[in-house]
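Trainee: sequence plus predicted model, see below.
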Amino acid sequence: MCRVGDEDGVPLDGGYQADVRRVADRVLRPSHRTTRYIDLLLRHLRSVGFQGAPASFGVDGRGRHVLEYLEGHVANAVPPNHVWSDQVLIAIARLVRRYHDAALSFLVPESWTPVVHQQELPDVTGDEEVVCHNDLAPWNTVFRDHRPAAFIDWDSAAPGTRAWDVAFALWHWTPLYREHRRAEVGAAMVTDPSSRVSTFLEAYGF
């Protein structure tokens, strides 16, 4: 069990999860039925050298999931213009690829069963190739110096295929929105999302 003291911390706004707080260099989130799975996954990622996700420190005495606080900024409702550059798109594709490669070797130890992952997304293939993040979007990406550094909010992580995770990322990063929606999220300068699909796929290595 992780101990971070009894501090209430500073509320972190901007996400959909209620009562997320920061205490020093830790983030405290309410735990839920999939927390054990997420904790194991994040610990595995660090063990194989993947730095593009927060470290996980288990659950504290008040039942909160304790995570590393990652310095930087998150592109929320209306991301800044640099988020839609080709350079960022390429960097995101490569970060997703590094994550998938790191997650390939993740296995839940038999001694930890039953460990439950998110099960609400549809199984479109019936195949389990890798652990998908399932929400690879600007609002779950930490930027440093205008470059994507890490993904956060792993609540939806579950076994799936690379193609499923990549398709979700393409939807939100190219972005494959109608023109008025691209304007709403500050991506009006993107006039040809289809060309960005090719850029992303090439950078990923498909």
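Mentor: Received it, and whenever you're ready, just let me know what you need.
Trainee: so where do the helices sit in the chain?
Mentor: Taking DSSP state H as the criterion, the chain contains helices spanning 35-47, 86-103, 162-173, 179-184, 193-204.
Trainee: tell me the helices and strands packed up against the third one.
Mentor: Which is helix 162-173. helix 86-103, strand 130-132, helix 193-204 (3 or more Cβ pairs under 8 Å, 6 or more residues apart in numbering; DSSP states H and E). Where you see a C-beta, it was placed from the backbone N, CA and C, and this is true even at glycine.
Trainee: go on, the second one?
Mentor: In terms of contacts (3+ Cβ pairs under 8 Å, 6+ apart), helix 86-103 is packed against helix 35-47, strand 130-132, strand 147-151, helix 162-173, helix 193-204.
Trainee: if we use 10 Å, what do you get?
Mentor: The helices and strands touching helix 86-103, judged by 3 or more Cβ pairs under 10 Å, 6 or more residues apart in numbering; DSSP states H and E, are helix 35-47, strand 130-132, strand 141-144, strand 147-151, helix 162-173, helix 193-204.
Trainee: between these, which one is nearest to residue 94?
Mentor: Nearest to residue 94 among the helices and strands packed on helix 86-103 is helix 193-204 (5.5 Å), distances taken as Cβ to Cβ.
Trainee: tell me the angle the closest one makes with helix 162-173.
Mentor: Interaxial angle of helix 193-204 relative to helix 162-173 (axes from the mean of the first three to the mean of the last three Cα atoms, to 10 degrees): 130 degrees.
Trainee: which helices and strands does helix 193-204 pack with?
Mentor: Using 3+ Cβ pairs under 10 Å, 6+ apart, helix 193-204 is in contact with helix 86-103, helix 162-173.
Trainee: make CSV from these and add mean neighbour count to it.
Mentor: Listed next are these as CSV, based on neighbours: other Cβ atoms under 10 Å:
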stretch, mean neighbour count
helix 86-103, 19
helix 162-173, 20
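Trainee: so can I have TSV of the ones you listed showing mean pLDDT and distance to residue 191?
Mentor: Below are the helices and strands packed on helix 193-204 laid out as TSV (pLDDT from 0 to 100; distance: least, Cβ to Cβ, whole Å):
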stretch	mean pLDDT	distance to residue 191
helix 86-103	97	13
helix 162-173	95	16
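Trainee: closest to residue 149 out of those helices?
Mentor: With Cβ to Cβ as the measure, helix 86-103 is the member of these nearest residue 149 (8.2 Å).
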